[in-house]
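Asks: Turn this into a model:
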Amino acid sequence: MQPYIIFDRDGTLIKDLPYLNDPEKVDLLPNAINGLIVLKSLHFRFGIITNQSAIGRGLASWNEVKSVNNKLLETCTNFGINFDFLLICPHLPKDKCDCRKPMPELGDQAISNFNIDTKQSIMVGDKDSDIIFGNNIGLRTCRIKSAYSAKVKSDIDSVDILSLSNAIYSTYD
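Replies: Numbering: from 1, shown residues only. This next block holds a predicted model:
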């Protein structure tokens with residue numbers, strides 16, 4: 001079993017731009033790389049689970065979303081940070097599918113396919129749906145501060161990924 005940190009994409013790792021379909025607009029959030037480096041040093045593995053309704057809305061193609069994701073992954077790889085998986089729900093909220101966060105389908109797949117230790121792993125996101133999703137799959141949760149209102153309590157609140165990594169690091173002896 002492996003400890004993982006599963007990230008939401010937009011508003012957590014990169015700036016939240018509505019229906020992002022241009023890889024040139026990928027902009028990592030401040031301190032994301034530094035935080036990921038600390039988390040990697042603590043032997044966490046990484047994954048991303050993201051809702052991308054831009055596909056279902058016809059505002060982005062699968063290839064455009066894949067290009068955005070590849071830009072994010074390539075940027076992180078340049079700093080020695082790798083993600084074991086990146087799972088996408090392309091559906092609209094009204095579709096009521098089982099793969100759109102906060103529903104657990106993609107999380108359950110990741111747990112099974114990547115031998116994720118749910119007791120030592122964390123879901124990190126900026127929206128209530130991310131926190132509910134983390135709870136639904138049995139992970140501790142961290143909310144990254146954002147403009148979205150927080151109606152659901154997370155286990156950890158952080159201003160960014162570096163702040164989260166420092167909070168986790170301080171629990172290690």
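
Asks: burial of the closest residue in space to residue 30 that isn't next to it in sequence, as a residue count?
Replies: Take residue 30 and drop its neighbours on the chain: the residue closest to it by Cβ to Cβ, 6 or more residues apart in numbering is residue 160, 6.2 Å away. Using the backbone N, CA and C atoms, a C-beta is placed for each residue, glycine as well. As a burial measure, residue 160 scores 17 neighbours (other Cβ atoms under 10 Å).

Asks: which residue ranges form the helices in the chain?
Replies: Applying DSSP state H to the chain gives helices spanning 32-41, 53-56, 62-77, 105-114, 128-136, 161-169.

Asks: what residue ranges in this protein are flagged as low confidence?
Replies: Filtered on pLDDT under 70, the chain yields the residue ranges 172-173.

Asks: Residue for residue, what is the longest strand it has?
Replies: strand 45-51 (DSSP state E).

Asks: That one - which strands sit beside it in the sheet, and in what orientation?
Replies: According to DSSP bridges, the neighbouring strands of strand 45-51, each with its direction, are strand 4-7 (parallel), strand 85-89 (parallel).

Asks: looking at the helices of the chain, which is closest to residue 154?
Replies: helix 128-136 (4.8 Å; Cβ to Cβ).

Asks: now what about that closest one, what contacts it?
Replies: Defining contact as Cβ atoms under 8 Å, 6 or more residues apart in numbering, one finds that helix 128-136 is touched by 6, 8, 12, 49, 51, 101-104, 107, 122-125, 140-141, 143, 148-154.

Asks: Stretch 93-101 now?
Replies: Under Cβ under 8 Å, 6+ apart, the answer for stretch 93-101 is 8, 49, 51, 53, 56, 89, 91, 103-107, 125, 129-130, 132-133.

Asks: Spatially, which residue comes closest to residue 155, not counting chain neighbours?
Replies: Nearest in space to residue 155, with sequence neighbours left out and distances taken as Cβ to Cβ, 6+ apart, is residue 140 at 4.5 Å.

Asks: Wait, the one you found touches residue 153, no?
Replies: No. With contact defined as Cβ atoms under 8 Å, residue 140 does not count as touching residue 153 (11.9 Å).

Asks: so residue 61 sits right up against residue 55, yeah?
Replies: Yes. The pair formed by residue 61 and residue 55 meets the contact definition of Cβ under 8 Å, at 7.1 Å.

Asks: Comparing these two, which shows the higher neighbour count?
Replies: Ranked by neighbour count (other Cβ under 10 Å), residue 61 and residue 55 place residue 55 first, with 20 against 12.

Asks: quick one: the spatially closest residue to residue 75 that is not a sequence neighbour and residue 79, what's the gap?
Replies: Here the nearest residue to residue 75 in space, its sequence neighbours aside, is residue 28; by Cβ to Cβ, 6+ apart that works out to 6.3 Å. According to Cβ to Cβ, to the nearest Å, residue 28 stands 10 Å off from residue 79.
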